[in-house]
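> when you get a sec, could you give me coordinates for this:
(chains A and B)
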Amino acid sequence: MSATVAVGATALNRPRAASVDEAISNAMTPVADFISGIIFYSVKIGDPESITAGSSDYFEFPVIVVWLVAAALFFTIYLKFQNITGVKHAVDLVRGKYSKPSDAGEVSHFQALTTAISGTVGLGNIAGVAVAVSIGGPGATFWMIVVGFLSMSTKMAECTLGVKYRIERADGSVSGGPMYYLRDGLASLGKRRLGRVLAVLFALFCIGGALGGGNMFQANQATSQIINVTGGEDGPLGTWRFVIGLVFALAVAAVIIGGIKSIAKVTEKIVPFMAVLYIIGCLAVIFTNFSAIPDAIGQIFVGAFNPVGIAGGVIGVLIQGFQRAAFSNEAGVGSASIAHSAVKTTEPATEGFVSLLEPFIDTVVICTMTALAIVITGTWRDTSSAAGVETTSAAFATVAPWFPILLAVAVVLFAFSTMISWSYYGMKATGYLFKDSPRAELGFKIVFCMFTVVGASLSLGPVIAFSDSMIFAMAIPNVIGLYLMARIIKKEIFGYRARVRSGEHAMVDQ
Amino acid sequence: MHVIPWSPYSFTTPAENAQRGANKHEEISTAEEQIIQPAVAVTTEFSVTPTTSVVHGSAAELLVSIAAHLDGAHIVVGRTGDSRLKQALFGSTPVRLIQIAKTPVTVVP
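Residues are numbered from 1 along each chain as shown, chains lettered A, B, ... in the order given. Prediction:
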């Protein structure tokens, strides 16, 4: 990872007049590189010199990516492939077939799911995928889909626990998520001290993840796309990245500090339609270039197992696919568990089933659409600009010159809703650390808005390094907890399945 | 009976979801206080004791499904005199009721 980031960063540092942007960028880069060096500790195999020689005997294997994929694989097998067999039940739950009429007015499965999705579907789906395909080639798409399927199981595990160990306060408000299940779940296993340590670690990393992947990365890529459609670096907005960041920050501040709910409400309502519009947009790209479809599919399969000219060979492709899929759907990271745990249900496993659909929609559907658009148009081969949202934008431009503007609108809205969701996750983590102190939560919100400006000003390299490391750091305490509580999860899910079969938890007549 | 408009298929923010349980109670008690109690106060003149309820959901559908479980039910609703634009955007409960009701419906102007 460190090698690829370095390559990306040099490609990005185009000569530009010294500006505010550059000053912010110069100050942040060493910090970002330091942190990502720790989190992305890589096992190096082979001879580093061989890359320049053109062969691919050398590759780096970031331990953290293996960590996540191993967890996904473990829970897929341990929970007996619920990610395949449980999907129909998940859809029934979302359709409200098991919801009691007395639960009307509370958070439905549909609402919990869509809220969580609006937090996960962000620029990871548009820009992150572009990074994966640009560095790892078309084959990365295949591995991304594989991880998308596997990570459904991790998501199920963490969301089941999130509901089981949530805190319901006297006034009826609900708090849940890894902080609470790590603390209370592990305490129930007699590991009180370990639980507390892991919960605090998770909360700390979650604040970092909210500032990084949930904020800086989103602001950065949304800004890039705005500049992109207004004439690029030489356009009127080219040197004003931090001003765009400031506008974003003010909009976010209006919602999370100013409490202007109408903005958030409008965004929440528009985002699902944008997601559909984005998929239609990708389909338009795919069908405009329909003659290239068979070739693209060929490239994806050949590239997955026998890539040519990719650093690290098959392993290099695999890592790119794995990493960007994990970054996009956040399974094992624990973030979505915070959103899912607000649901009204008496059975924690129900939300586990519903959450299966989240990585499916995020990775298997939306990410794959982006990847197909990029592979079919071949824009991933273009190394003249930074890999990221510009690659996807170039793919969109093959349909019509105005098409990237549609993408820009989608990107801004996705980024905004993801930022709102993550500010909430970060705020809950801050609240956990400071016993729900309103002052600490306000402090976090202010810092959050400042990081929006920083994220918009930086070049992609350091932003993605920082964002990745913080988001993946959350997975360390979370996945340890998931393994330790695997038995509790299994008992919940299989106990629930038995109750569904026996008719104890039956469908409700509508 | 008062129906608070609510749909399980709306889109919400995580902060809203976390407060939902608390808000539901608040909505119900506000409705009891501001709508149901004044209405009950009127009925005391006629010495009848009404059964009241405040529920969440889609007004017309809920009224119909509750009426279907009662013998000789008759649905009586008020109207709000919405403008054409408002009706086009949000529909109106009496109009919807007339379309789907299985019992007689009276609309009080």
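
> going forward, measure contacts between C-alpha atoms and count neighbours the same way
Noted.

> any stretches of the chain with poor pLDDT?
This is for chain A. A:1-19, A:45-60, A:312, A:385-386, A:509-510 (pLDDT under 70).

> my question was about chain B, not that one.
B:81-82, B:87-91.

> for it, which residues are neighbours of chain A?
By the rule Cα under 8 Å from any Cα of the partner chain, the part of chain B lying against chain A is B:6-15, B:17-24, B:55-57.

> ok, the residue of chain B found nearest chain A - how many residues close by?
Nearest residue of chain B to chain A: B:A22, at 4.2 Å (Cα to the nearest Cα). Residues near B:A22, counting by other Cα atoms under 10 Å in any protein chain shown, number 17.

> contact partners for it?
A:D171, A:G172, A:S173 (Cα atoms under 8 Å, 6 or more residues apart in numbering or on different chains).

> element containing it, please.
helix B:14-31 (DSSP states H and E).

> against A:T120, how distant is the nearest residue to A:I493 once chain neighbours are set aside?
Closest residue in space to A:I493, ignoring its immediate chain neighbours: A:A349 at 5.3 Å, by Cα to Cα, 6 or more residues apart in numbering or on different chains. In this view, A:A349 and A:T120 are 21 Å apart by Cα to Cα, to the nearest Å.

> now do A:V174
For A:V174, the distance to A:T120 - Cα to Cα - is 21 Å.

> now do A:T418
7 Å.

> give the contact list for the closest residue to A:N125 other than its chain neighbours.
Excluding its sequence neighbours, the residue lying closest to A:N125 (Cα to Cα, 6+ apart) is A:C367, at 5.0 Å. Contacts of A:C367 were listed using Cα under 8 Å, 6+ apart, and they are A:N125, A:I126, A:V129, A:A325.

> what's the local residue count around the last one?
By that I understand A:A325. Quick note: A:A325 (other Cα under 10 Å) scores 32 neighbours.

> element containing the residue nearest to it when sequence neighbours are not counted, please.
In this structure, A:A325 finds its nearest non-sequential neighbour in A:M144, 5.2 Å apart by Cα to Cα, 6+ apart. In this assignment (DSSP H and E), A:M144 forms part of helix A:139-164.

> what of A:C449?
Per DSSP H and E: helix A:438-457 holds A:C449.

> between helix A:139-164 and the next helix or strand after that helix, find me the angle.
Note on helix A:438-457: by DSSP H and E, the next helix or strand toward the C-terminus is helix A:460-484. Orientation of helix A:460-484 against helix A:139-164 (axes from the mean of the first three to the mean of the last three Cα atoms, to 10 degrees) gives an angle of 50 degrees.

> packing partners for helix A:460-484?
helix A:2-12, helix A:20-39, helix A:63-78, helix A:192-211, helix A:217-229, helix A:313-329 (3 or more Cα pairs under 8 Å, 6 or more residues apart in numbering or on different chains; DSSP states H and E).

> give me the residues contacting the second one.
Taking Cα under 8 Å, 6+ apart as the criterion, the residues outside helix A:20-39 that touch it are A:2, A:64, A:239-242, A:454, A:457-459, A:462-463, A:465-466, A:468-470, A:472-473.

> from these, list the buried ones, please.
A:2, A:64, A:239-242, A:454, A:457-459, A:462-463, A:465-466, A:468-470, A:472-473 (16 or more other Cα atoms under 10 Å in any protein chain shown).

> check chain A for the residue nearest chain B and tell me.
A:G172 (4.2 Å).

> isn't that residue up against B:Q19?
Yes: in terms of Cα atoms under 8 Å, A:G172 counts as a neighbour of B:Q19; the distance is 7.1 Å.

> comparing these two, which residue is more hemmed in?
The residue with more neighbours, out of A:G172 and B:Q19, is B:Q19; 18 against 15, by other Cα under 10 Å.

> what subset of the residues of chain B next to chain A is buried?
B:7-9, B:11-15, B:17-24, B:55-57.

> any idea how far the residue of chain A closest to chain B is from A:I280?
40 Å.

> thinking again about what came up before, who are the contact partners of the closest residue to the residue of chain B closest to chain A other than its chain neighbours?
Closest residue to B:A22 apart from its sequence neighbours, by Cα to Cα, 6+ apart: A:G172 at 4.2 Å. Residues near A:G172 by Cα under 8 Å, 6+ apart: B:Q19, B:R20, B:G21, B:A22, B:N23.

> part of a helix, is A:G172?
No: judged by DSSP: H, G, I helix; E, B strand; the rest coil, A:G172 forms no part of a helix; its state is coil.

> gap between it and A:S36?
40 Å.

> A:A325 too?
Counting by Cα to Cα - A:A325 and A:S36 are separated by 18 Å.

> one more: A:A336?
23 Å.

> give me the more crowded residue out of those two.
Per other Cα under 10 Å, whichever of A:A336 and A:S36 has more neighbours is A:A336, with 31 against 24.

> so which helix or strand takes in the more buried one?
A:A336 belongs to helix A:335-340, assigned by DSSP H and E.

> got a list of contacts for that helix?
So helix A:335-340 is contacted by A:112-113, A:115-116, A:119-120, A:155, A:158-159, A:162-163, A:175-178, A:206, A:330, A:351, A:355, A:425, B:14 (Cα under 8 Å, 6+ apart).

> excluding chain neighbours, what is closest to A:T160?
Nearest to A:T160 is A:G352, by Cα to Cα, 6+ apart, at 4.5 Å.

> got the CA positions of the helix or strand hosting that neighbour in CSV?
Per DSSP H and E, A:G352 falls inside helix A:348-355. Output in CSV follows, covering the C-alpha atoms of helix A:348-355 (Å, rounded to 0.1, in the frame of the first residue of the first chain):
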residue,chain,number,x,y,z
PRO,A,348,-31.6,-8.9,17.5
ALA,A,349,-31.1,-11.4,14.7
THR,A,350,-33.8,-9.8,12.5
GLU,A,351,-31.5,-6.8,12.0
GLY,A,352,-28.6,-9.1,11.3
PHE,A,353,-30.6,-10.6,8.4
VAL,A,354,-31.6,-7.2,7.2
SER,A,355,-28.0,-5.9,7.3
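
> tilt between the helix ranked longest in chain A and helix A:192-211?
Longest helix of chain A, by residue count under DSSP state H: helix A:403-433. Computed by the same axes, to 10 degrees, the angle separating helix A:403-433 from helix A:192-211 equals 150 degrees.

> is helix A:403-433 up against chain B anywhere?
Yes: residues of helix A:403-433 contacting chain B under Cα under 8 Å from any Cα: A:S421, A:Y424.

> let me know how buried the closest residue to A:V65 other than its chain neighbours is, in neighbour terms.
Distance criterion Cα to Cα, 6+ apart; nearest residue to A:V65, sequence neighbours excluded, is A:Q323 at 6.1 Å. Using other Cα under 10 Å, A:Q323 has 27 neighbouring residues.

> before we move on, what SS does B:T106 have?
strand.

> beta partners for it?
B:V76 (DSSP bridges).

> tell me the domain boundaries of chain B?
B:1-57, B:59-109 (automatic domain parsing).

> deepest in the core, which of the ones you listed is it.
domain B:1-57 (a mean of 16; mean count of other Cα atoms under 10 Å in any protein chain shown).

> so how far is that domain off the chain centroid?
8 Å (Cα atoms, centre = their mean, to the nearest Å).
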